[in-house]
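model the following, please.
(one chain, ligands or ions: 5)
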Amino acid sequence: MAARRPETPRPDHRCACGEELKPFWRHCSDCGRPQTWGDDHHETGAECGHCGWMVSDFSWYCPWCGEDIHEDGVSSDRPLKAPAGFRFSAKCDAGCGGGVQYPMDYCPWCGAEQEWPGEDFEGTCPHCERGVDDWMDHCPWCGEDATGQDLIPRAIRRVRRLLAVSRIRPWGYRLLLRPGVSGVDPRYPKIVEIDHSHIVEQRSREEIPWSMVVGLIAHELGHSFLYHHWKWTDTEAFIEAFGEVDKAYRVSDLGWVDFQRRRITTTHPNHVTAYAATHPQEDFAETFRLYVTRRGRMRELLAEMGQKRKGVVVYQKFLELDRFLRDLRT
Ligand SMILES: [Zn+2]
Ligand SMILES: [Zn+2]
Ligand SMILES: [Zn+2]
Ligand SMILES: [Zn+2]
Ligand SMILES: [Zn+2]
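Ligands and ions are numbered 1, 2, ... in the order given. A predicted model of the protein is given here:
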């Protein structure tokens, strides 16, 4: 029988960069450095000879690297729930009868790989698909860029440049590539999620549609910008141009890419695009997108709207946005 000892809270573990880490994260969420969780606090008196991480002498396999660490006469003769130094989080996925502690990658008793579904994180790493939080720069599991910005560096650079030449100062927005969703949650107006699934699909064909990605980011930034300046939506000038945006909703721009293929339409005289006609918030996001991708050059924009036979209200939208941005600068 393994001795059960009272649970002692594990002392803080800090990365060399100073960031405080949760137990057994493989990488620092701030700087990405790989971590080694040895038996620094003398909890088990044993470390894996292969990876250097803390193990129990009772175990047959290292739960971190999966190597066979069995020793005759030392290892337990049957699977345990939680040997001293470890906690029980779940039963082994493979059903060997032993216990595993979150977030072990392998069962210490049978060596089977473990999965941890339902991890409590805000999002999913675009590199390894495990859980990450919005503020993380690096994924604690794979160490890659947790924002996914490294997957679309050209698009990010282009959007930054477009905002700069449109003279729109960054308002603290944070771009995150996440599977299956493009949108901004009004409760977190600065977090801008970009659906990375079609980007990855395209990637395999070596043909990322850059202008589409740039457009999508600019559109989502429009949502973020509006939530950030929500008071503006109460003003007469705004309502006259865009209407009542009040019904706040969780934006999920799943249809955006399809609508995009049709460019600026001539069939919707009161909206810049067909998608803009779906909701006043989309109307604003699309107006913002065009303003930014046309570098805030009002004369050219208005001429373009004239060619597309847009109604007076479309001019009003651009003029109101331009006026608001000018006021922000002064
Ligand atoms: Zn670090
Ligand atoms: Zn190991
Ligand atoms: Zn097992
Ligand atoms: Zn990852
Ligand atoms: Zn939208």
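
pick out the residue in the stretch 51-200 of the chain sitting closest to ligand 5.
Nearest to ligand 5 in the stretch 51-200 of the chain, going by CB to the ion, is residue 183, at a distance of 6.7 Å. Quick note: C-beta positions are derived from backbone N, CA and C, even for glycine.

ok, that residue touching residue 227?
No: using CB atoms under 8 Å, residue 183 is not in contact with residue 227, being 11.1 Å away.

and residue 57, what does it touch?
44, 45, 46, 71, 74, 75, 83 (CB atoms under 8 Å, 6 or more residues apart in numbering).

would you map the strands across the stretch 151-300 of the chain?
Assignment of strands within the stretch 151-300 of the chain using DSSP state E, counting those that start in this stretch yields the ranges 174-178, 191-195.

got the buried residues for the first one?
Within strand 174-178, the residues scored as buried using 16 or more other CB atoms under 10 Å are 175, 176, 177, 178.

same list (those residues) but as JSON lines, adding pLDDT.
JSON lines is the format used below for the buried residues of strand 174-178 (pLDDT from 0 to 100):
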{"residue": "175", "pLDDT": "96"}
{"residue": "176", "pLDDT": "96"}
{"residue": "177", "pLDDT": "94"}
{"residue": "178", "pLDDT": "92"}
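
in TSV, list those residues along with distance to residue 217.
Formatted as TSV, the buried residues of strand 174-178 follow (distance: CB to CB, whole Å):
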residue	distance to residue 217
175	7
176	11
177	10
178	13
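
okay, and the beta partners of the residue nearest the centre of the chain?
Residue closest to the average C-alpha location in the chain (CA atoms, centre = their mean): residue 176, at 3.9 Å. In this entry, residue 176 is beta-bridged to residue 193, by DSSP bridges.

residue contacts, it?
123, 134, 147, 148, 191, 192, 193, 194.

just the buried members of those?
123, 134, 147, 148, 191, 192, 193, 194.

count of neighbours near the closest residue to residue 51 other than its chain neighbours?
Excluding the flanking residues, the one nearest residue 51 by CB to CB, 6 or more residues apart in numbering is residue 65, at 3.9 Å. Residue 65: 16 surrounding residues under other CB atoms under 10 Å.

tell me the residues of this structure that contact ligand 3?
Residues of the chain lying close to ligand 3 (CB under 5 Å from the ion) are 92, 94, 96, 98, 107, 109, 110, 112.

filter these down to the ones in strands?
Using DSSP state E, no member of the residues of the chain next to ligand 3 falls in strands.

just give me the closest of those to residue 246.
Taking CB to CB as the measure, residue 92 is the one of the residues of the chain next to ligand 3 closest to residue 246, at 51.7 Å.

so what's the closest residue to ligand 1 within the stretch 51-200 of the chain closest to, chain neighbours aside?
Nearest to ligand 1, among the residues of the stretch 51-200 of the chain, is residue 138, at 8.0 Å (CB to the ion). Using CB to CB, 6+ apart and skipping the chain neighbours, the partner closest in space to residue 138 is residue 32 (3.6 Å).
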